[in-house]
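[1] Structural data only, the sequence is not supplied:
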Ligand code: GMT
């Protein structure tokens, strides 16, 4: 049997798919027997209560008066090095190149080559930050100096190579969800708080950033509701929310649209829906579509980034070109009016989520990468 490892994990600890995946991975590795050290400015929101083999190390940022901006990145790099030395970490697994892989690179300079760095790319650092010429060289350095780099989709891998002119190996490691949490739940009671038995439920869950094209969600819903009486449930919050609320008012849809805000038990909430809408402009993976799939809920969305790698068109959902809301609405109506098709798609969703994105399989992929960079395989 391979020896258990000491693994440091750094991610954005607040809301977001990357934080969720990093935290869930840490929890699974710890359950298996590895020692996991989260290094961040606050406790990752999905960490929850006490877990054997998980230790959290908080990064304190110095606010010495000469600093115009407190240097979080430098404090993080120092903390990574400190934890790596005192706890004798084997691996630093960082989620996002900016700033985490850069900090890990600095930490490695302080600790020595025995410490191996694995960087997982989640999207925004490549699709947004790497477009900024002033950051390009830094991101390229962080990626090239990592001992292994993983990408959450083929599309993100392709874009990373193109935008940053990267030629090194990148491992494809899809995201996953914990099947013990994400499975179809009986949410009929909650559903009846929003929808009559004859009404259908469409849902959108996001951080309401412009890239999510939440306005398209409203347009799709309007067209669907004209043909099939429905309700639209919004989960989450973010910068576009006020604009969306105004749009709904202008369209006279207030009594059919409900805002649930941020929710903890996403599996239960998603289980209320007939369809998840994800018409994003960019999406390196689209974790929420996998969360829905694992609960038996199909996604109707856009052919953006990694979404087609996750949602198989016609099998576990339907996809249309970005912004083509009429086509997305037609797909929704097709699904909502055809019970047989909806049942088949639901079964395909459950099968695909459990077979192609199983947590056990994806965790093993990460473990193999760790052993490989340590020269143990
Ligand atoms: O999509 C966001 O706004 C949040 C961001 C994050 O940091 O979690 O999501 C990115 O990483 C997720 C986990 O790998 C992916 O599922 C999302 O597709 C990706 N977002 C984008 O590419 C826009």
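    Arrived safely, thanks for sending. Predicted model only: the values in this text are computed from it and were never measured.
[2] How much space separates the nearest residue to residue 140 once chain neighbours are set aside from the ligand?
    Distances taken as C-beta to C-beta, 6 or more residues apart in numbering place residue 164 nearest to residue 140, at 4.9 Å, with adjacent residues excluded. The C-beta positions use only the backbone N, C-alpha and C, and glycine is treated the same way. Using C-beta to the nearest ligand atom, to the nearest Å, residue 164 is found at 16 Å from the ligand.
[3] neighbours around residue 164, how many?
    As a burial measure, residue 164 scores 18 neighbours (other C-beta atoms under 10 Å).
[4] Would you mind listing what in the chain touches the ligand?
    12, 16-18, 21, 122-124, 127, 152, 175, 207, 209, 211, 282-287, 305 (C-beta under 6 Å from any ligand atom).
[5] switch to 5 Å and redo it
    Selection of the chain residues close to the ligand by C-beta under 5 Å from any ligand atom yields 16, 17, 18, 122, 123, 152, 282, 283, 284, 285, 286, 287.
[6] Could you pull up the residues touching residue 44?
    Listed by C-beta atoms under 8 Å, 6 or more residues apart in numbering, the contact partners of residue 44 are 11, 13, 19, 22, 23, 26, 38.
[7] now do residue 9
    By C-beta under 8 Å, 6+ apart, the contact set of residue 9 is 22, 23, 25, 26, 36, 37, 38, 39, 93, 94, 95.
[8] what's the longest helix in this protein?
    Counting residues, the longest helix in the chain under DSSP state H turns out to be helix 339-356.
[9] List the buried residues in that helix.
    By neighbour count on 16 or more other C-beta atoms under 10 Å, the buried set for helix 339-356 is 342, 345, 346, 348, 349, 350, 352, 353, 354, 356.
[10] now stretch 297-316
    Those would be 297-302, 304-312, 316, for stretch 297-316 by 16+ other C-beta under 10 Å.
[11] and if you look at stretch 365-376?
    Under the neighbour-count criterion of 16+ other C-beta under 10 Å, stretch 365-376 has 366, 367, 369, 370, 371, 373, 374 buried.
[12] Just name the closest of the residues you listed to the ligand, please.
    residue 366 (13.4 Å; C-beta to the nearest ligand atom).
[13] Residues contacting the helix or strand bottoming out on mean pLDDT in the chain, please?
    Every helix and strand of the chain was ranked by mean pLDDT, DSSP states H and E. The lowest is helix 124-127, at a mean of 77. Applying C-beta under 8 Å, 6+ apart, the external contacts of helix 124-127 come out as 96, 97, 98, 139, 156, 159, 160, 163, 164, 282, 284, 305.
[14] Where does the fourth one sit: helix, strand or coil?
    So the one you mean is residue 139. Using DSSP: H, G, I helix; E, B strand; the rest coil, the structure places residue 139 in helix.
[15] returning to what we had before: in strands only, show me the residues of the chain next to the ligand.
    Assigned to strands by DSSP state E, none of the residues of the chain next to the ligand qualify.
[16] which of those has the most neighbours?
    Neighbour tally across those (other C-beta under 10 Å): the maximum, 31 neighbours, falls on residue 286.
[17] ok, and the closest non-adjacent residue to that residue?
    Spatial nearest neighbour of residue 286, excluding adjacent residues (C-beta to C-beta, 6+ apart): residue 307 at 4.9 Å.
[18] Poorly predicted segments of this protein, please.
    Within the chain, the segments meeting pLDDT under 70 span 1, 15, 128-130.
[19] Using the record, which stretches count as separate domains in it?
    Listed by automatic domain parsing, the domain ranges of the chain are 6-176+358-373, 188-356.
[20] distance between the ends of the first one?
    Meaning domain 6-176+358-373. End-to-end span of domain 6-176+358-373 (C-alpha to C-alpha, to the nearest Å): 14 Å.
[21] how distant is it from the center of its chain?
    Its chain's average C-alpha position is 14 Å from that of domain 6-176+358-373, according to C-alpha atoms, centre = their mean, to the nearest Å.
[22] List the buried residues in the helix or strand where residue 21 lies.
    Using DSSP states H and E, residue 21 sits in helix 17-32. For helix 17-32, a neighbour-count test (16+ other C-beta under 10 Å) marks 17-30 as buried.
[23] try stretch 193-202
    Using 16+ other C-beta under 10 Å as the test for burial, stretch 193-202 gives 194, 195, 200, 201, 202.
[24] And it, how far out from the chain middle?
    Counting by C-alpha atoms, centre = their mean, stretch 193-202 is centred 28 Å from the centre of its parent chain.
[25] So that it lines up with my notes, have the first residue be 788 from now on.
    Yes, from this point I'll number from 788; that puts the last item at stretch 980-989.
[26] quick one: the strands in the protein?
    Going by DSSP E, the chain shows strands at 793-797, 822-827, 841-845, 878-882, 903-908, 935-938, 958-959, 987-992, 1017-1022, 1044-1046, 1062-1065, 1086-1089, 1104-1107.
[27] Taking the centroid of this structure, which residue is nearest it?
    residue 804 (2.3 Å; C-alpha atoms, centre = their mean).
[28] Pick out the residue of the stretch 888-1037 of the chain closest to the ligand.
    With C-beta to the nearest ligand atom, the shortest gap between the stretch 888-1037 of the chain and the ligand falls at residue 910, namely 2.8 Å.
[29] so that residue touches residue 1092, yeah?
    Yes: between residue 910 and residue 1092 there is a contact under C-beta atoms under 8 Å: 7.2 Å.
[30] Understood, closing this out.
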